[in-house]
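*Asks:* What would the 3D arrangement of this be:
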Amino acid sequence: MKIATWNVNSIRLRLDQVLEWLNATGTDVVCVQETKVDDENFPLQPIVDAGFHVAFFGQKSYNGVAIISRYEIADVQKGFPEDDDESPKRLIAATINGVRIVNTYIPNGTELWTDKFTFKLDWLQRLRRMFDEDCDLNSNVLLCGDFNVAPEELDVWSVPQWTGKLHFSKPERAAIDHVKKWGFVDVFRKLNGDLQEFSWWNYREGAWQRNQGLRIDHIWVSPPLADKCTGCWIDKSPRGQEKPSDHTPVVADFDIR
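*Replies:* Next comes the predicted model:
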């Protein structure tokens, strides 16, 4: 089963790109973030007409997540269990083909030590708590999405340029590491070693052309699922298209029988 994560930066604007990419690559499940649309305006019918199942949890502006799948989608959870109707729409989880998939759009944070930054750190604590309370480390669990954190030095194009800045600050890296210590395996790093590749490039300053990016989109899995992972890669081709998202897909393949 091939599973991907992709911050599409507006599902309505890039739906054709997503469906074309799914069919061209044979990807079974894609978890998308930053859909930027409320549920009543989500482009459900074109996705269903293309032969996919979909679960979505939407919000205008910069939030919204969805899971598009060739397999049936079961046991859908929208947001944290304690969330209310006013909470940002940043998490959707579902069980697909025996894998519990948690798709996240982790808060950006805006600037260090603002209210939005502390909200980001608190959100990551809540994420870890959810796994502690609701998930079994010995089962097939997958966490993916736009984490808005580059965990390691290899994940930024320039360590001096990014040290102490948003996405690569010590508090963010410590908070995401706390989530990882639930028992997750970063399958990209496990299978590719010290390979330096990025999943996001700023629209400005020629970042894409100069490959000045960050690896902030991730697929982390429980140990049993890590043993089934046969490959993990970053597909850069969508980033080179006309009017692309500033992110590109991260894909992992699993031998699930």
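
*Asks:* For the chain, give the helix that spans the most residues.
*Replies:* What stands out as the longest helix in the chain, according to DSSP state H, is helix 115-134.

*Asks:* After it, which helix or strand is next? Please name it.
*Replies:* strand 141-146 (DSSP states H and E).

*Asks:* contacting residues around the longest helix of the chain?
*Replies:* With contacts defined as C-beta atoms under 8 Å, 6 or more residues apart in numbering, helix 115-134 is touched by 80-81, 90-91, 102, 104, 106-111, 141, 143, 148, 166, 171-172, 175-176, 178-179, 182. Where C-beta positions appear, they are placed from N, C-alpha and C, glycine not excepted.

*Asks:* Just the mean pLDDT for it, thanks.
*Replies:* Helix 115-134 shows a mean pLDDT of 97.

*Asks:* Pull out the buried residues from the contacts of helix 115-134.
*Replies:* Buried by 16 or more other C-beta atoms under 10 Å: 80, 90-91, 102, 104, 106-109, 141, 143, 148, 166, 172, 175-176, 179, 182, out of the contacts of helix 115-134.

*Asks:* Can you flag which of these belong to helices?
*Replies:* In helices, defined here by DSSP H, the members of those are Glu172, Ala175, Ile176, Val179.

*Asks:* Could you find the closest non-adjacent residue to the spatially most central residue of the chain?
*Replies:* The centre of the chain sits closest to Gly145, judged by C-alpha atoms, centre = their mean, with a distance of 0.9 Å. Closest residue to Gly145 apart from its sequence neighbours, by C-beta to C-beta, 6 or more residues apart in numbering: Thr104 at 3.7 Å.

*Asks:* Would you confirm that that neighbour contacts Val65?
*Replies:* Yes. With contacts counted by C-beta atoms under 8 Å, Thr104 reaches Val65, the gap being 7.2 Å.

*Asks:* which residues do the two both contact?
*Replies:* Gln33, Arg90, Leu91, Gly145.
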